[in-house]
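Novice: What follows is a protein structure lacking sequence information:
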């Protein structure tokens, strides 16, 4: 690998800088000529991507020696006016060539900031100011999403490190970051509402815990968590003030001010988590935040709302709160929450019933420490048994709905529920198997979602193992029902 990198560097590093600088001069010369500017901005963006690739593994000596030259060009790119002739004021979704280039530049800066490259440190104050200024000028339109997320991530990488503490340590600076960057990018936009209703899969990708897809809300929460690493008390105090204000605003008009509560919950999610993993959930919380008190006051009331059509986005966020802090709930809490989550499987909103299924699946994987030092599952088969009928009714109601896409989170919940229930599933084996084979028959004709298919086969395997190990006489019935769809697949 290093031999290949050296080979590429020897042939590209010097010409790349020269070409970038010359193209930058051409951009200045043709400032008002759209036909000349567009391909040149595209070329600059391509060169930024080459820069990223050449520097990804390590900082090459040539780039270290010419750091000031590169940083001068990057600064020039970030200073390019946003209202240039390339900007279409009527465009809402597609970023302009200037935005695309600046996003690539910020990604390069982020690469150096993450690596703590010493030659880059003298340029940090300048670029912190430039990125901040550019971020302040961005609109909430989707065309600025990529530049906004990369800029917020750049600030997040700096504020979370002790070596850059002096750049953000003033309380006024922290208040500005929260008021001008975090909160505006946590607020629900019209485009988010549209995506929630019309393209739920895309919404889930950008919002779901553990997803690799970035969104403004996700990186804003990461920025808060980075701030808490260095300024936990100050950040918690400032955010708590905003949470109180937002919840008061919601209480004054719940029907129209629901977005304020949604933002307040996301603000709490941002400051409450100290350490977490996608698989294990939150392992450490901010001691300055009373998560359980917030849950009882603001989350539980939302989940108990019987009308599923009211505030579906807030319901989805409330379910996400439960899923995020699943480790912090005692078994009694989880037992009380289970029927509420199951009820949300009947929601017409794809996002709401998907989040409910995902939360149930994650709860079934929660573990707790035992006195002997070992870990055991917090919610076991005997705890799940009273809910099996309503749970599978809700899950298969989604699976059987031909108008809905194959939902991998729902099928994963089916698999996990079967795995936890084990022997308790025997009385309804025939019904469950019929539902699974029907689903298998549909996907065999037109397989679209490999993750869904994987969990479908896992569900069948878990069911066969649980039932046939206990009552081998069911084997013939399994073969009779499973062989036809298997032959279709083959």
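Specialist: Noted; the coordinates are in hand. Everything numeric in this text was worked out from a predicted model, so none of it was measured.
Novice: Which residue ranges of the stretch 51-200 of the chain form strands?
Specialist: Read by DSSP state E, counting those that start in this stretch, the stretch 51-200 of the chain holds no strands at all.
Novice: where do the helices sit along it?
Specialist: Counting by DSSP state H, counting those that start in this stretch, the segments of the stretch 51-200 of the chain that form helices are 61-65, 67-79, 97-115, 124-137, 145-159, 171-176, 183-186, 190-198, 200-207.
Novice: Pick the most buried one from the ones you listed.
Specialist: Of these, the one with the most neighbours on average (mean count of other CB atoms under 10 Å) is helix 145-159, at a mean of 24. (C-beta placed from N, C-alpha, C; glycine too.)
Novice: Mind giving me the packing neighbours of that one?
Specialist: Under the contact criterion of 3 or more CB pairs under 8 Å, 6 or more residues apart in numbering; DSSP states H and E, helix 145-159 touches helix 97-115, helix 124-137, helix 216-252.
Novice: These into CSV, with extra columns for mean pLDDT and distance to residue 198?
Specialist: Compiled in CSV, these are given as follows (pLDDT from 0 to 100; distance: least, CB to CB, whole Å):
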stretch, mean pLDDT, distance to residue 198
helix 97-115, 94, 24
helix 124-137, 94, 28
helix 216-252, 95, 18
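Novice: Those into JSON lines, with extra columns for distance to residue 281?
Specialist: Putting those into JSON lines (distance: least, CB to CB, whole Å) gives the following:
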{"stretch": "helix 97-115", "distance to residue 281": "25"}
{"stretch": "helix 124-137", "distance to residue 281": "31"}
{"stretch": "helix 216-252", "distance to residue 281": "15"}
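Novice: Of all those, which one is nearest residue 145?
Specialist: Closest of those to residue 145 is helix 216-252, at 6.3 Å (criterion: CB to CB).
Novice: Past that closest one, which element shows up next along the chain?
Specialist: Beyond helix 216-252 in the direction of the C-terminus, DSSP states H and E gives the next helix or strand as helix 258-272.
Novice: returning to what we had before: figure out which of the helices of the stretch 51-200 of the chain is closest to residue 5.
Specialist: Proximity to residue 5, assessed across the helices of the stretch 51-200 of the chain by CB to CB, is greatest for helix 61-65 (12.0 Å).
Novice: thinking in terms of the whole chain, how far from its middle is that closest one?
Specialist: Once both centres are worked out by CA atoms, centre = their mean, to the nearest Å, helix 61-65 turns out to sit 36 Å from its chain's centre.
Novice: Ok, stretch 319-326 next?
Specialist: Between the centre of stretch 319-326 and the centre of its chain there are 14 Å (CA atoms, centre = their mean).
Novice: Show me what that stretch is in contact with.
Specialist: Residues from elsewhere that reach stretch 319-326 (CB atoms under 8 Å, 6 or more residues apart in numbering): 207, 209, 265, 268-269, 272-273, 276, 281-282, 285, 291, 295, 299, 303, 329, 334, 337, 341, 344, 352, 355-356, 358-359, 362-363, 366.
Novice: need the helices of the stretch 51-200 of the chain in CSV with distance to residue 243, can you?
Specialist: CSV is the format used below for the helices of the stretch 51-200 of the chain (distance: least, CB to CB, whole Å):
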stretch, distance to residue 243
helix 61-65, 44
helix 67-79, 33
helix 97-115, 29
helix 124-137, 23
helix 145-159, 20
helix 171-176, 14
helix 183-186, 10
helix 190-198, 20
helix 200-207, 20
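Novice: what's the lowest-mean-pLDDT helix or strand in the chain packed up against?
Specialist: With mean pLDDT, DSSP states H and E as the measure, the helix or strand of the chain carrying the lowest mean pLDDT is helix 475-489 (a mean of 80). Applying 3+ CB pairs under 8 Å, 6+ apart, we find helix 475-489 packed against helix 429-445, helix 450-470.
Novice: okay, the angle between it and helix 429-445?
Specialist: 10 degrees (axes from the mean of the first three to the mean of the last three CA atoms, to 10 degrees).
Novice: So which of the contacts of stretch 319-326 are in helices?
Specialist: Using DSSP state H, 207, 265, 268-269, 272, 291, 303, 334, 337, 341, 352, 355-356, 358-359, 362-363 are the members of the contacts of stretch 319-326 that sit in helices.
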